[in-house]
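S.K.: predicted coordinates and the sequence they were generated for:
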Amino acid sequence: MRLVMTEPVERMNRPYARRWWALLVLCLSLLIIVMANTALTVAAPDMTKDLGLSGADLQWVIDGYTVPYAALMLLLGAIGDKYSRRGALVLGLVVFGGGAVFGYLAGSATTVIAARAMMGVGAALIMPATLSLLAATFPRAERAKAITLWTATAGLAIAAGPVVAGALLRDHGWASTFLINVPVAAVALVGAFVLVPPSRAGHHDRIDYVGGLLSVIWAGALIYTIIEGPHFGWGAKAVTAAVVAGVALTAFVLWELRHPRPILDVRRFTGRRFAGSNLAVALFFLAVFGAFYYLTQHLQFVLGYDALETGVRMLPLAGAVFAGSALTGWLTPRVGMKWTVGAGMVGGTTALALLTRVDAASAYGDLVAPLVILGLAIGLALSPCTDAIMGAFPEAELGVGGAVNDTSLELGGSLGIAVLGSLLATSYGDHLTDATAGSKLPASALDTARDSVGAGYAVAQGIGDKAHQVAARAAAAKDPQQAAQLKQQAGELAGGARQMADAVGSAFSDAVAHTSLVGAVILGIGTVLVAVLLPRRESPAPQVKEEERELVDSAAG
């Protein structure tokens, strides 16, 4: 047995014997790049306090990862196809691990954002490489099953990030949430050499670097617009980015239509199956990332769970993803992807609709059913869509296929956090204004409380702390009349603190319900569109054409 796997998968006469072990390496690689975002959601409060982050700083700590990740995937996927898919995976793991170490050592907002951006570059190499290596290593008969396990890993990572980060935060600082990625990346790196066979495209045409550069510009500018506009207002930066994104996207499409070997043949989007699958992936992750964003806050701030307890309570989502993935592996070959994807999207819409019932009296038990249904929905819909997207590309363009799938995923997730997150903040502020109407709180305190649910509870705690101080002065006062006045003042302050905390919890719960309603409407409309787009029956013709093209490419090479 070789210590390092050197035989390219393209030269093997039979399916690679250790392909399921190779899949484990690919899933480990996927695990850390998804956990890098979800773990940060529970580490953010400690990081904010320790580094003195402003709201804008924290937003870019989160999204500094997203911009290079989404912008670079298509170009890096094509480069991996041409030169080495395993090489792209290995380089990505090294860059990602280096960024994680940098983040662990960071001591300011700027260095943390830079570390997150470095990790985003690594993720842009890793993510399309995992899918392209999976598709290249597994025969078509087993590919759907392998993609199902890949999808289930993504669902596990969504819930595992907060659990692992929460456990570390009990005894260690926020920097430890960066360091957890390093040993996993190291294991995946060794596994890539030992278990994953090399793979690259069969032909060696020049890469369409102009199209690749345009893709970087439009995707990066679009993600920047999605982040900047809803969170920081539609000022000059957001509007300029939106214009750049529109112009670059138009130029990209026109260039790709004319280029003999485009980095991405945009005509694929005229195919109903391909377009519907990409739309379903984007909409699902809009719903999932948006819901994850506000549910973790609800669990931590309103229901009072710590970071680890919050992570544990998100685990039903991960378990349901595994169950849904197993179910779709059995259902899809029997009823077709149109029905399983449609059922999944209906389930996702139902889960968000159930969250509209959240109010100030809701407990964790009220969230379990929506989490389970949402997880089942992800498992049902996502792997058939990913399989359909990857199946639309010939073997020579698997890295590009993986990048298209992952770009749809990342665009949807970014939209979910930006749009639903912005709506959540606006709704919370409006509800808190109504709940505190007529109160004697200073305007500055109310403005601070309206900024976020965390700020609202901090204001309530500040009032409570002041009540304790006044009560202590009352206990120490020697003049009975002064002591009585101070005691009365302390009681009023304590009552104000309770009222403020109740108002914040009620306002945020109402905002969760309102935001879930909007999310349900968006996903519901998307469900109808996807149902119209996806064909009722799957034609084998496209696969025949792909195989013919592969033979032509091989002959040309």
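M.R.: Perfect, I can see it now. Keep in mind the model is a prediction, meaning the values are calculated, not measured.
S.K.: any idea how far Asp406 is from Ala497?
M.R.: As defined by C-beta to C-beta, to the nearest Å, Ala497 lies at a distance of 46 Å from Asp406. (C-beta placed from N, C-alpha, C; glycine too.)
S.K.: quick one: which of these two has more around it?
M.R.: Just comparing Ala497 and Asp406: by other C-beta atoms under 10 Å the higher neighbour count belongs to Asp406, 27 against 20.
S.K.: so where does the more buried one fall, helix or strand?
M.R.: For Asp406, the enclosing helix or strand under DSSP states H and E is helix 398-415.
S.K.: which strands and helices lie in contact with that helix?
M.R.: Secondary structure elements in contact with helix 398-415, counted by 3 or more C-beta pairs under 8 Å, 6 or more residues apart in numbering; DSSP states H and E, are helix 66-82, helix 85-105, helix 109-137, helix 209-232, helix 272-297, helix 365-391.
S.K.: relative to Leu214, how far out is Phe247?
M.R.: In this structure residue 247 is Val, not Phe. With distances defined as C-beta to C-beta, the gap from Val247 to Leu214 amounts to 10 Å.
S.K.: neighbour count winner among the two?
M.R.: Leu214 (24 against 14).
S.K.: OK, contacts around the closest residue to Val95 other than its chain neighbours?
M.R.: In space, Val95 comes closest to Gly122 once its chain neighbours are excluded; the distance is 3.6 Å by C-beta to C-beta, 6 or more residues apart in numbering. Applying C-beta atoms under 8 Å, 6 or more residues apart in numbering to Gly122 gives the contacts 33, 92-99.
S.K.: again, 6 Å this time
M.R.: Contact analysis of Gly122 by C-beta atoms under 6 Å, 6 or more residues apart in numbering lists 92, 95-96, 99.
S.K.: would you convert the residues you listed into a markdown table that also reports pLDDT, neighbour count and distance to Ala154?
M.R.: Formatted as a markdown table, the contacts of Gly122 follow (pLDDT from 0 to 100; neighbours: other C-beta atoms under 10 Å; distance: C-beta to C-beta, whole Å):
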| residue | pLDDT | neighbour count | distance to Ala154 |
| --- | --- | --- | --- |
| Gly92 | 96 | 29 | 16 |
| Val95 | 97 | 20 | 20 |
| Phe96 | 96 | 28 | 16 |
| Gly99 | 95 | 25 | 20 |
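S.K.: what would those residues look like in CSV with distance to Gly421?
M.R.: Compiled in CSV, the contacts of Gly122 are given as follows (distance: C-beta to C-beta, whole Å):
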residue, distance to Gly421
Gly92, 28
Val95, 28
Phe96, 25
Gly99, 24
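S.K.: so what's Pro197 closest to, chain neighbours aside?
M.R.: Closest residue to Pro197 in three dimensions, ignoring its sequence neighbours and counting by C-beta to C-beta, 6+ apart: Val9, at 4.2 Å.
S.K.: okay but the one you found is in contact with Leu195, surely?
M.R.: No. Val9 sits out of contact with Leu195 when judged by C-beta atoms under 6 Å, with a separation of 11.9 Å.
S.K.: Ala159 sits in which helix or strand?
M.R.: Assessed by DSSP H and E, Ala159 sits inside helix 140-169.
S.K.: with Trp60 instead?
M.R.: Applying DSSP H and E as the criterion places Trp60 in helix 55-63.
S.K.: other SSEs contacting that helix?
M.R.: helix 109-137 (3 or more C-beta pairs under 6 Å, 6 or more residues apart in numbering; DSSP states H and E).
S.K.: mind listing what's buried along the helix it packs on?
M.R.: Counting neighbours by 16 or more other C-beta atoms under 10 Å, one finds that the buried residues in helix 109-137 are 109, 112-137.
S.K.: low-confidence stretches in the stretch 451-557 of the chain?
M.R.: 537-557 (pLDDT under 70).
S.K.: ok, the stretch 1-150 of the chain next?
M.R.: Regions of the stretch 1-150 of the chain meeting the criterion pLDDT under 70 cover residues 1-2, 55.
S.K.: could you redo the last one with a cut-off of 90?
M.R.: Scanning the stretch 1-150 of the chain for pLDDT under 90 picks out the ranges 1-15, 34-67, 70, 82, 106-109, 140-141, 143-145, 148.
S.K.: the lengthiest helix in the chain versus helix 365-391: what angle between them?
M.R.: The longest helix of the chain (DSSP state H) is helix 480-533. Angle, helix 480-533 to helix 365-391, by axes from the mean of the first three to the mean of the last three C-alpha atoms, to 10 degrees: 30 degrees.
S.K.: so which elements touch helix 480-533?
M.R.: With contacts defined as 3+ C-beta pairs under 6 Å, 6+ apart, the secondary structure elements packing on helix 480-533 are helix 272-297, helix 337-354, helix 421-435, helix 453-476.
S.K.: can I get the following helix or strand past the first one in PDB, CA atoms only?
M.R.: Taking DSSP H and E as the definition, the helix or strand that follows helix 272-297 towards the C-terminus is helix 307-313. C-alpha atoms of helix 307-313 as PDB (Å, rounded to 0.1, in the frame of the first residue of the first chain):
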ATOM      1  CA  ALA A 307     -23.000  29.300  24.200                       C
ATOM      2  CA  LEU A 308     -22.800  25.500  24.700                       C
ATOM      3  CA  GLU A 309     -26.400  25.100  25.700                       C
ATOM      4  CA  THR A 310     -27.400  27.000  22.600                       C
ATOM      5  CA  GLY A 311     -25.300  24.800  20.400                       C
ATOM      6  CA  VAL A 312     -26.800  21.600  22.000                       C
ATOM      7  CA  ARG A 313     -30.300  22.900  21.400                       C
END
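S.K.: hmm, who's touching helix 307-313?
M.R.: 42, 162-163, 166-167, 169, 296, 299-300, 364.
S.K.: so what's the gap between that helix and the chain middle?
M.R.: Averaging C-alpha positions (C-alpha atoms, centre = their mean, to the nearest Å) puts helix 307-313 18 Å from its chain's average.
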